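Visitor: Sequence first, predicted model second:
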Amino acid sequence: MKSDLKLHFFGAAHTVTGSKFLIETPQTSILIDCGMFQGLKELRLLNWEPLPFPAKNIDYVLLTHGHLDHCGYLPKLVQQGFKGHVFGTAPTLAIAEVILRDSAVIQEEEAKQANEEGFSSHQPALPFYTLEDAEKTIKYFETKKTGKWIPLNDNIQYRHQKNGHIIGATFIEVDINGKVIVFSGDIGRKNDLLLAPPTKPEWADILVMESTYGNKMHPENDADSMLTEAIKQCVQSKGTLIIPSFAVERLQTLMYKLWELYSKNKIPHIPVFIDSPMGNEVIDIFSQFPDWHKLSGSEFNALKNHFNIITSYKDTWKTIDDKRAKVVIAGSGMVTGGRVLTYLRYYLDKSETIVLLAGYQAEGTRGRQLQEGAHELKLHGKYIPVKAQIKTIQSLSAHADQSELIDWMSSIKNVPEQVFLVHGEPTALDTLRVKINDTYGYKAIIPQLNEVFSID
């Protein structure tokens, strides 16, 4: 049977998005993650293509965590005939529910706006999937615990192990007749403000490992000084600090940072608006799963009460019209969609505005364009001049850097038969490949999109 085992790479190959890895055996087919492609148009177009494997033949989807690039393709999988089981930890599935619903609503709204304003080349513009599609998909979700082997059939079992990164995130071990395949998912930081350090795998016959920061080391901590400087500058110029933020983890980390700085009298009193419907729901998920993060109940309540949490689009416009110096944290983190686009449409051409990017900006995203010095940005079909100051915080990443990735592998007791590097841009992948070989002597493979490997 072992020679009939195949590993397919349907996403996150030579890129950081669209994670989908299929284990195919004669009896059972298992998809690890089911993410959407983001960023470059050529990647986004891949979302509209059917999966190169019959969806009806997939028995299980195992989710490492709830980010869009790991779960956002699920409604399309269901559309293509998937009728199996979707397993994940309780926080992961709670986040995936929020993200799928939010993604569907945004896609419906953007298609509607494109049709009304005529800025799409497609007539009519269609959403990638609808809220109805998302709701249908969520019915397949089944919660599983960490640290416990779960049988899938007589020959296959799997388990989740906590992995930092975001609340609920895990790496996944799949045991097929005693051969263990480890999928790292996204690996978190050793000293995360909100989460415990990642668990390390102890055995891996096959290792499929992320490489997002395979060529970089995160600075020790530039967040406090950059936030302090930006806020003081905004107060002085009566400007607006806009922080595009990922709704999961990054938003909560930024809230914690700002609350801590204010509590220690390091920043002046300034209104801070949280405008992320999805982020608000994730804040509630933090309260539901206290065992998954470090915050005490009293800290969590004090933190929430410090901010102006926007709950309606009407309040978004009130905030835009507010002439005071202020901070706005809004989704999305790579400026690909969400409420932050509305703020940028009105503030990006003002010199007293500061845009502070607080996370990884993938190729082809508006966030990457701003980071690389774009003089204008296309928002809702119109070009907006970039007169705002653009800054980047490097130390708040939820992804392990190169040294942490190498350390994460340090407890593996055996010599892996194969190591596959995924979820990275080409330079990061190749740099980590060399580093792994220099450190452990392992020869790592960088698979191509849709490449298939037979596992002996």
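Guide: It's in.
Visitor: Give the other helices and strands that the helix or strand of the chain with the lowest mean pLDDT contacts.
Guide: Sorting the helices and strands of the chain by mean pLDDT, DSSP states H and E puts helix 297-305 at the bottom, at a mean of 86. Counting contacts by 3 or more C-beta pairs under 8 Å, 6 or more residues apart in numbering; DSSP states H and E, helix 297-305 is packed against helix 250-263, helix 277-288. Where you see a C-beta, it was placed from the backbone N, CA and C, and this is true even at glycine.
Visitor: Tell me which of the ones you listed sits nearest to Thr143.
Guide: helix 277-288 (12.3 Å; C-beta to C-beta).
Visitor: Which SSE is immediately downstream of the least confident helix or strand of the chain?
Guide: Proceeding C-terminally, helix 297-305 gives way to strand 308-309 as the next helix or strand, assigned by DSSP states H and E.
Visitor: between the least confident helix or strand of the chain and helix 277-288, how many degrees?
Guide: Using axes from the mean of the first three to the mean of the last three C-alpha atoms, to 10 degrees, the direction of helix 297-305 lies 160 degrees away from that of helix 277-288.
Visitor: rewinding a little: mean neighbour count, mean pLDDT and distance to Leu51 added to the helices and strands packed on helix 297-305, as CSV?
Guide: Formatted as CSV, these follow (neighbours: other C-beta atoms under 10 Å; pLDDT from 0 to 100; distance: least, C-beta to C-beta, whole Å):
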stretch, mean neighbour count, mean pLDDT, distance to Leu51
helix 250-263, 20, 93, 29
helix 277-288, 19, 89, 26
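Visitor: Dump these to JSON lines, plus distance to Leu100.
Guide: What follows is the helices and strands packed on helix 297-305, written out as JSON lines (distance: least, C-beta to C-beta, whole Å):
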{"stretch": "helix 250-263", "distance to Leu100": "18"}
{"stretch": "helix 277-288", "distance to Leu100": "10"}
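Visitor: Ok, which of those comes nearest Val386?
Guide: helix 250-263 (22.3 Å).
Visitor: what residue ranges in the stretch 201-350 of the chain are flagged as low confidence?
Guide: 221 (pLDDT under 70).
Visitor: residue ranges for the helices of it, please.
Guide: 223-237, 250-263, 277-288, 297-305, 313-321, 340-347 (DSSP state H, counting those that start in this stretch).
Visitor: Can you give me the buried ones in the first one?
Guide: In this case it means helix 223-237. The neighbour-count check on helix 223-237 (16 or more other C-beta atoms under 10 Å) flags Ala223, Asp224, Met226, Leu227, Thr228, Ala230, Ile231, Gln233, Cys234, Val235 as buried.
Visitor: who are the neighbours in contact with the residue lying closest to the third one once chain neighbours are set aside?
Guide: Pointing back at Met226 there. What sits nearest to Met226 in space, not counting adjacent residues and going by C-beta to C-beta, 6 or more residues apart in numbering, is Ile393, at 5.2 Å. With contact set as C-beta atoms under 8 Å, 6 or more residues apart in numbering, Ile393 has these partners: Asp222, Ala223, Met226, Leu227, Leu356, Leu357, Ala358.
Visitor: Asn191: which of these is nearest?
Guide: Nearest to Asn191 among those, with distances taken as C-beta to C-beta, is Ala223, at 12.6 Å.
Visitor: Next, the contact list for that closest one, please.
Guide: Contacts for Ala223 (C-beta under 8 Å, 6+ apart) come out as Lys257, Ala358, Ile393, Ser395, Leu396.
Visitor: closest to Leu251 among the residues you listed?
Guide: Closest to Leu251, out of all of the contacts of Ala223 and judged by C-beta to C-beta, is Ala358, at 9.3 Å.
Visitor: Could you check how far the residue lying closest to the closest one once chain neighbours are set aside is from Gly297?
Guide: In space, and not counting its chain neighbours, Ala358 is closest to Ile393: 4.8 Å by C-beta to C-beta, 6+ apart. For Ile393, the distance to Gly297 (C-beta to C-beta, to the nearest Å) stands at 28 Å.
Visitor: Show the end-to-end separation of stretch 65-76, please.
Guide: Stretch 65-76 stretches 18 Å from its first residue to its last (C-alpha to C-alpha, to the nearest Å).
Visitor: surely Ile23 meets Ile32?
Guide: Yes: between Ile23 and Ile32 a contact is recorded at 7.1 Å, counting by C-beta atoms under 8 Å.
Visitor: So for the helix ranked longest in the chain, what gets flagged as buried?
Guide: The longest helix of the chain (DSSP state H) is helix 90-117. Applying a neighbour-count criterion of 16+ other C-beta under 10 Å, the buried positions in helix 90-117 are 90-108, 110-111, 114.
Visitor: any idea which helix or strand carries the closest residue to Tyr140 other than its chain neighbours?
Guide: The shortest distance from Tyr140 to any non-neighbouring residue, by C-beta to C-beta, 6+ apart, is to Val86 (4.5 Å). Using DSSP H and E, Val86 falls within strand 85-88.
Visitor: Can you name the residues in contact with that strand?
Guide: With C-beta under 8 Å, 6+ apart as the test, strand 85-88 has contacts from 59-63, 65-66, 74, 93, 96, 137, 140-144, 150, 160, 168.
Visitor: Send me that strand as CSV with only the CA atoms.
Guide: Taking C-alpha atoms only, strand 85-88 is exported to CSV below (Å, rounded to 0.1, in the frame of the first residue of the first chain):
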residue,chain,number,x,y,z
HIS,A,85,-15.7,15.9,6.7
VAL,A,86,-13.9,19.1,7.6
PHE,A,87,-11.9,18.7,10.9
GLY,A,88,-10.2,21.4,12.9
